Structures are given as structure tokens and as C-alpha cells.
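Engineer: What shape does this take:
(one chain, ligands or ions: 1)
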Amino acid sequence: MSFHHRLYCRSKAWGQKLQDTILPWLLSDVELGSMTLEVGPGPGVSAEIIRRYANGLVVLERQLRLLPGLRSRLDGTTLIVAGDAVAMPFGSAEFTSVLSIMVLHHVWRPGDRERMLQESFRVLKPGGILAGVDATPAALRRRLVHLGDRVSPVDGPKLLTELGEAGFERAAIHNRGSKFKFSATRPETGCAMTAPATTASPPGYGRQSRSAVRDRS
Ligand SMILES: C[S@@+](CC[C@H](N)C(=O)[O-])C[C@H]1O[C@@H](n2cnc3c(N)ncnc32)[C@H](O)[C@@H]1O
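Structural biologist: Residues are numbered from 1 along each chain as shown. I've put the predicted structure just below:
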């Protein structure tokens with residue numbers, strides 16, 4: 001991410017927007033269940049708010065330099081895992097919900113967004129929900145904060161198709177201004193389409209042991 005984008009992601013203004021409008025809008029009709037995974041927490045501003053809604057929270061971030069900040073911001077309440085959402089270091093069916101807040105457009109390598117959706121499907125329990133918010137392609141083109149970033153905008157219809165191809169059902173998209181929210185459910189029956197090369201299940205990240213920090217680089 002560009003310098004300006006990194007600054008914005010940790011700003012008070014962004015935190016306020018997440019808290020007052022974006023996350024209430026996203027989470028108003030999402031059942032998070034007992035264990036939520038947030039992919040791409042960045043500096044942790046979104047996770048700090050999500051944990052107020054979640055029963056249990058794990059975050060997965062690929063930028064190692066963000067881990068110390070995540071630890072101090074989320075200390076003792078969240079399991080922080082280093083890793084890539086396109087090959088998640090979790091066993092299958094471990095989470096009741098997966099959240100992606102302004103991450104999809106950063107997954108720019110060809111094929112990676114599809115892999116991230118497949119991985120989200122795999123780590124969700126049957127009946128679990130994938131939900132997120134992203135910027136519309138038109139908004140991304142206007143945003144100076146992305147100058148110098150590699151981004152891959154995705155539009156709603158394309159994402160709906162990709163969610164279906166990953167095995168999800170009840171996929172839905174809702175637009176609001178420069179953002180859209182999406183959600184999709186892993187069917188109660190059926191199996192994941194892909195299996196990772198290696199999976200390891202972090203033991204016990206329920207309520208009792210959420211202070212653990214797991215770096216998997
Ligand atoms: C725009 S920031 C959003 C941060 C936070 N969710 C928020 O809304 O404030 C995108 C974050 O996603 C992370 N990210 C992008 N691709 C990822 C991947 N494949 N696996 C894990 N994290 C990823 C980036 O490193 C960055 O921290």
C-alpha cells in the first residue's frame with residue numbers, strides 16, 4: 001500500500017467512518033456466529049470495531065511489519081496470524097464467518113481473488129458467511145490515495161459470479177455511494193473445491209485463549 005493509503009487506514013477519520021456507517025451497515029444483517037476471521041486487518045482499526053460485534057476474532061494479515069501494531073492495538077482480545085488470504089494457514093471449516101473490509105481490490109495478482117474466495121469457503125463451517133465491503137471500480141479510479149498502489153477493482157456482477165464459482169450460495173451485493181457490501185453463504189451441504197498444500201489448525205482460539213499471537217511467515 002502507498003504511504004498515503006497506510007496513513008489513511010490508521011486515521012481517526014477512517015475509524016469514525018467504519019464505526020458510524022460502514023460496519024453497522026455491513027453487520028446489520030450478518031450473523032457472525034462463534035468465531036470470526038477478518039482477513040487483511042491492516043493496522044487493526046477495523047478489527048478493533050469488529051471485536052465489539054464478534055464472539056471470537058482471529059485476524060490474518062500478510063504484511064509482517066503491521067504485526068507489532070496489531071498486537072498492541074488488539075492485545076489480549078484477538079488471535080493475530082501472519083499469512084496470506086489466498087493460502088490460509090487454517091484447517092477447513094474453522095470459522096462461522098469471514099470478513100473482508102476494503103481488501104478485495106488489493107488482491108491484484110491474476111487468479112488470487114478467486115483463490116481468496118475459495119479459501120474463505122474452505123475455512124468456513126457449512127452455513128457460515130463471507131461478508132465484506134469494498135470500493136466500487138469508479139470510486140477507485142477517483143481515489144488519489146491509491147496513487148502508487150497496485151489495485152484490481154472488482155465490480156458487483158463479476159464478484160457475484162466468482163462467489164458462485166467458489167461454491168457459495170445466496171450471494172448478494174448492495175451498493176451505497178462509493179462502496180458496495182457483499183455477502184454469501186457456504187451451503188450446509190457440499191465440500192470445499194480446493195485444499196491448501198498445508199494446513200495447520202491454531203489450537204484453542206476461543207474466548208479463553210484469544211490473547212495468543214501466532215506469526216506464520
Ligand atoms: C486497505 S487495507 C484495509 C485494512 C482494514 N481492513 C481496514 O478496513 O481498515 C488492506 C489490507 O489488506 C491486506 N491484504 C491484502 N491482501 C492480502 C492477502 N492476500 N492476505 C492477507 N492480507 C492481505 C493488506 O496488507 C492491508 O493491510
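Engineer: Would you mind listing what in this structure touches the ligand?
Structural biologist: Neighbours of the ligand within the chain, by CB under 6 Å from any ligand atom: 1, 9, 39-42, 45-46, 60-63, 66, 84-86, 101-103, 106-107. The way it works is simple: take the backbone N, C-alpha and C, and place the C-beta from them, glycine included.
Engineer: Those, buried ones only, as a PyMOL selection?
Structural biologist: Of those, the buried ones go into a single PyMOL selection, burial set by 16 or more other CB atoms under 10 Å:
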select buried, resi 1+9+39+40+41+42+45+46+60+61+66+84+85+86+101+102+103+106+107
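Engineer: Just say helix, strand or coil for Ser183.
Structural biologist: strand (DSSP: H, G, I helix; E, B strand; the rest coil).
Engineer: Which stretches in the chain count as strands?
Structural biologist: With DSSP state E as the criterion, the chain has strands at 36-39, 57-61, 79-82, 95-101, 124-135, 169-176, 179-185, 213-214.
Engineer: wait, which of these is closest to Pro153?
Structural biologist: Pro153 sits nearest to strand 124-135 of all the strands of the chain, at 7.4 Å, using CB to CB.
Engineer: OK, contacts around Ile101?
Structural biologist: The neighbours of Ile101, taking CB atoms under 8 Å, 6 or more residues apart in numbering as the test, are Leu18, Ile22, Leu23, Leu26, Glu38, Gly40, Pro41, Ser46, Ile50, Gly132, Val133.
Engineer: can you count the residues close to the fourth one?
Structural biologist: When counting by other CB atoms under 10 Å, one arrives at 22 neighbours for Leu26.
Engineer: That one and Asp134 touch, don't they?
Structural biologist: No: look at Leu26 against Asp134 with CB atoms under 8 Å: they stay out of range, at 10.6 Å.
Engineer: Tell me, what's the model's pLDDT at Cys9?
Structural biologist: pLDDT, Cys9: 83.
Engineer: ignore the last one, Pro137
Structural biologist: Pro137 is given a pLDDT of 88.
Engineer: list the contacts for it?
Structural biologist: Pro137 is in contact with Pro153, Val154, Asp155, counting by CB under 8 Å, 6+ apart.
Engineer: Could you do Ser183 as well?
Structural biologist: Asp29, Val30, Ile129, Leu130, Ala131, Gly132, Arg170, Ala171, Ala172.
Engineer: 7 Å - rerun?
Structural biologist: Listed by CB atoms under 7 Å, 6 or more residues apart in numbering, the contact partners of Ser183 are Val30, Ile129, Leu130, Ala131, Ala172.
Engineer: and the closest residue to it other than its chain neighbours, how many neighbours does it have?
Structural biologist: Leaving aside its sequence neighbours, Ser183 sits nearest to Ala131 (CB to CB, 6 or more residues apart in numbering; 4.1 Å). The tally of other residues near Ala131 (other CB under 10 Å) stands at 23.
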